[in-house]
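Student: Predicted coordinates and the sequence they were generated for:
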Amino acid sequence: MKITKLTTYRLAPRWMFLKIDTDAGISGWGEPVIEGKARSVEAAVHEFEPYLVGQDPARINDLWQVMYRGGFYRGGAILMSAIAGIDQALWDIKGKVLGAPVYELLGGLVRDRMKVYSWVGGDRPADVIRDIQRLREGGFDTFKMNGTEELGIVDSARKVDEAVARIAEIREAFGHDIEFGIDFHGRVAAPMAKPLLRALEPYRPLFVEEPVLAEQDEQYARLAEHTSIPLAAGERMYSRFEFKRVFAAGGLSIVQPDLSHAGGITECLKIASMAEAYDVALAPHCPLGPIALAACLQVDFVSHNAVLQEQSMGIHYNQGAELLDYIVNKDDFRIEDGYMRPLPKPGLGVVVDEDKVMAASQRAPDWRNPLWRHADGSVAEW
Ligand SMILES: O=C(O)[C@H](O)[C@@H](O)[C@@H](O)[C@H](O)CO
Ligand SMILES: [Mg+2]
């Protein structure tokens, strides 16, 4: 069996799908993308083509090492996202050839269902109460929201109080009948992380995500000394070589590798195993599409330390298309009482509606995140 062709489809809302064809007529799908840099990842995917076309798709481990090590330069958001989507498609092919879901090829189910959570409140965390009420009717009891708007490296107690007031309002409205993570989204610099975490302590959020930016990862252990709130991070870390320093230094209770950014199933399985050795939970990051989510679920269902799965249904980014718009087997992705079941079909478990994908790729938007600025005109972390 040989790889014959790689076709990329950029499409709304901000995703990219990859189809890998083989000479046996079996194709696999992946979702290589960096939100806002889809064209860069698309170029990277096609730069990997000469290493892949003509090769045996069954040799995922060798092809992964060739892509990672063969070009001298390695790592980073663009290359690791390209490898991620290619890796996902190769696992999809392998499962289809062997007639089994990927989780079966990885040793079988470690759980019967996987807890998922839903975003509420959008870029600027207003209206979360209304969103939580609506989603609770749909069976969700676990949520995530942004913790702040723009925040200076050093900022006022008033800004801290505004952020905390929203969280207090949620606890006032729902008590502990719901749980939620608070995403600092990289908007909080080290000087403000400690006072903000301290002020949030009484409301006992499930976790605080990206308490500081990944490039400040040496802060995680220090911050963990000052708070009992579990700290989470990982969406902007792209390989086990980045995660290893964080595991060794400690501080994170939850790691959130993104299956479409951190080298795919092959790499994220290794990150999950490293995390388990340090008693760190796994909660894959996934604000993206159905193929990325399917890849996450394949890892969740074989990882003992998987605790929560992000999914993008209703997320504020999904303008122009929703999570399940491009797939045929929508029912396999149903959420019951806040849980998802293992995807039963061979491979990743996604049946892609190719006609819809091709049509949507004719009018793909070039999504970019907003550029925020502080009152003084300087760039603010979004
Ligand atoms: O936790 C999350 O989902 C992420 O922080 C998410 O908001 C970002 O990764 C966004 O997709 C970047 O464009
Ligand atoms: Mg996040």
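Tutor: It's in. Numbering: from 1, shown residues only. Ligands and ions are numbered 1, 2, ... in the order given.

Student: that's a strand at Thr7, yeah?
Tutor: Yes. Thr7 forms part of a strand when assessed by DSSP: H, G, I helix; E, B strand; the rest coil.

Student: any idea what sits nearest the closest residue to ligand 2 within the stretch 51-200 of the chain, other than its immediate chain neighbours?
Tutor: Closest to ligand 2 within the stretch 51-200 of the chain is Asp183: 4.4 Å, counting by Cβ to the ion. Using the backbone N, CA and C atoms, a C-beta is placed for each residue, glycine as well. Nearest non-adjacent residue to Asp183, counting by Cβ to Cβ, 6 or more residues apart in numbering: Glu209, 4.3 Å away.

Student: Tell me what that neighbour is bridged to.
Tutor: Listed by DSSP bridges, the beta-bridge partners for Glu209 are Asp183, Ala232.

Student: Hmm, Pro230 and it touching each other?
Tutor: No. When contacts are counted by Cβ atoms under 8 Å, Glu209 is not listed as touching Pro230 (9.8 Å).

Student: got the contact list for the residue nearest to Asp183?
Tutor: Lys144, Gly181, Ile182, Asp183, Phe184, His185, Ala232, Ala233, Gln256 (Cβ atoms under 8 Å, 6 or more residues apart in numbering).

Student: okay if I get those residues as TSV plus neighbour count?
Tutor: TSV is the format used below for these (neighbours: other Cβ atoms under 10 Å):
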residue	neighbour count
Lys144	26
Gly181	24
Ile182	29
Asp183	23
Phe184	26
His185	20
Ala232	28
Ala233	29
Gln256	26
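
Student: got these as JSON lines, with pLDDT columns?
Tutor: Shown next, in JSON lines, are these (pLDDT from 0 to 100):
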{"residue": "Lys144", "pLDDT": "97"}
{"residue": "Gly181", "pLDDT": "98"}
{"residue": "Ile182", "pLDDT": "98"}
{"residue": "Asp183", "pLDDT": "97"}
{"residue": "Phe184", "pLDDT": "98"}
{"residue": "His185", "pLDDT": "97"}
{"residue": "Ala232", "pLDDT": "98"}
{"residue": "Ala233", "pLDDT": "98"}
{"residue": "Gln256", "pLDDT": "98"}
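
Student: in the helix or strand Val246 falls within, what's buried?
Tutor: Per DSSP states H and E: Val246 is located in helix 240-249. For helix 240-249, burial by neighbour count (16 or more other Cβ atoms under 10 Å) applies to Arg240, Glu242, Phe243, Val246, Phe247.

Student: so for that helix, what's the average pLDDT?
Tutor: Averaged across helix 240-249, pLDDT comes to 98.

Student: Same check on stretch 4-16?
Tutor: Mean predicted confidence for stretch 4-16 is 98.

Student: Repeat that for stretch 213-220.
Tutor: Here the average pLDDT along stretch 213-220 is 96.

Student: Between the two ends of it, how far is it?
Tutor: 10 Å (Cα to Cα, to the nearest Å).

Student: quick one on the thing from earlier: which single one of the buried residues of helix 240-249 is nearest to Thr148?
Tutor: Val246 (22.9 Å; Cβ to Cβ).

Student: how much space between that closest one and ligand 2?
Tutor: Going from Val246 to ligand 2 by Cβ to the ion, to the nearest Å gives 16 Å.

Student: before we move on, the earlier item: could I get the contacting residues of the residue of the stretch 51-200 of the chain closest to ligand 2?
Tutor: Counted by Cβ under 8 Å, 6+ apart, Asp183 has contacts Lys144, Met145, Asn146, Gly147, Val208, Glu209, Glu210.

Student: Mind telling me the two of these farthest from one another?
Tutor: Between all members of the contacts of Asp183, the farthest pair (by Cβ to Cβ) comes out as Met145 and Glu210, at 13.1 Å.

Student: What parts of the stretch 151-300 of the chain come near ligand 2?
Tutor: Within the stretch 151-300 of the chain, the residues that sit near ligand 2 (Cβ under 5 Å from the ion) are Asp183, Glu209.
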